[in-house]
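Q: Sequence first, then the predicted structure, then my questions.
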Amino acid sequence: MAEEVKLLDFWPSMFGMRVRIALAEKGVAYEYVEEDLKNKSPLLLQMNPIHKKIPVLIHNGKPVCESSIIVEYIDEVWKDNAALLPSHPYQRAQARFWVDFIDKKLYDVTRKIWGSKGEEHETGKKEVIEILKQLEEVLGEKAYFGGESLGIVDISLIGFYSWFYTYETIGNFSFESECPKIVSWGKRCLQKESVAKSLPDPKKIYDFVVQLQKALGV
Ligand SMILES: N[C@@H](CCC(=O)N[C@@H](CSO)C(=O)NCC(=O)O)C(=O)O
């Protein structure tokens with residue numbers, strides 16, 4: 001039976017971008033299915049009945065949910081190409097720690113920047129910069145969080161980089177002056193075709209968020 005790979009996704013999602021990049025890094029052909037999150041498809045509800053969220057990878061009819069779990073699954077199934085996780089158990093544990101840090105910390109505080117005003121908005125800006133400065137420390141002088149090549153931590157963070165223009169424009173600040181190493185790391189990642197073809201135009205994300213703010217009455 002021919003291998004069937006399908007990705008239920010939503011174009012501005014930094015979580016969906018992770019899976020797109022992982023599949024591209026591995027050279028896996030797949031069917032991209034854009035979801036309307038205001039009117040979720042029966043397939044999404046069937047394949048992810050617990051969270052009802054994207055991304056969902058459907059591999060030969062079987063769903064895998066949660067973006068960082070999907071990236072690890074892709075790394076384990078399509079072993080031949082670029083490894084996305086380190087091979088040494090301790091280094092794998094460290095990579096998973098920083099993926100968990102990004103998941104626990106970054107999404108909620110970035111949402112404060114575009115999803116709220118006043119004190120909450122200002123707090124969000126400060127917290128995002130603090131988190132990115134912590135990640136700058138982790139990156140140090142390495143080219144990537146994965147060392148000499150893109151790894152799961154890079155893949156987990158780079159989707160947020162495509163939202164930087166939105167955060168800076170709405171928040172009226174510059175990541176370049178706050179965390180220059182993260183900005184140059186993002187540009188470096190975008191030199192890779194697997195990243196460049198998976199991340200939307202930052203200005204398209206900004207236009208989407210402005211519409212979202214109007215809809216939410218922000
Ligand atoms: N922990 C999960 C988060 C996915 C998610 O929030 N998906 C959003 C779109 S991106 O913000 C989603 O599907 N939202 C639909 C909903 O909340 O109903 C992961 O890493 O895959």
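A: It's in.
Q: Identify each buried residue in the longest helix anywhere in the chain, please.
A: For the chain, the helix reaching the highest residue count under DSSP state H is reported as helix 89-115. The neighbour-count check on helix 89-115 (16 or more other C-beta atoms under 10 Å) flags 95-96, 98-99, 101-102, 105-106, 109-110, 112-115 as buried. Quick note: C-beta positions are derived from backbone N, CA and C, even for glycine.
Q: do stretch 76-85 as well
A: Using 16+ other C-beta under 10 Å, the residues of stretch 76-85 that count as buried are Trp78, Ala82, Leu84, Leu85.
Q: Just the C-alphas of that stretch, formatted as CSV.
A: What follows is stretch 76-85 as a C-alpha-only set of coordinates in CSV (Å, rounded to 0.1, in the frame of the first residue of the first chain):
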residue,chain,number,x,y,z
GLU,A,76,11.4,8.2,14.4
VAL,A,77,9.5,7.0,11.4
TRP,A,78,11.6,8.7,8.7
LYS,A,79,15.0,7.9,10.2
ASP,A,80,17.1,8.1,7.1
ASN,A,81,17.3,11.9,6.6
ALA,A,82,18.4,14.7,8.9
ALA,A,83,17.9,13.7,12.6
LEU,A,84,15.7,16.2,14.4
LEU,A,85,16.6,15.0,17.9
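Q: Looking at it now, give me its mean pLDDT.
A: Stretch 76-85 comes out with an average pLDDT of 93.
Q: before we move on, what about stretch 10-19?
A: Stretch 10-19 comes out with an average pLDDT of 98.
Q: Show me which positions of that stretch end up buried.
A: By neighbour count on 16+ other C-beta under 10 Å, the buried set for stretch 10-19 is Phe10, Pro12, Ser13, Met14, Phe15, Gly16, Met17, Arg18, Val19.
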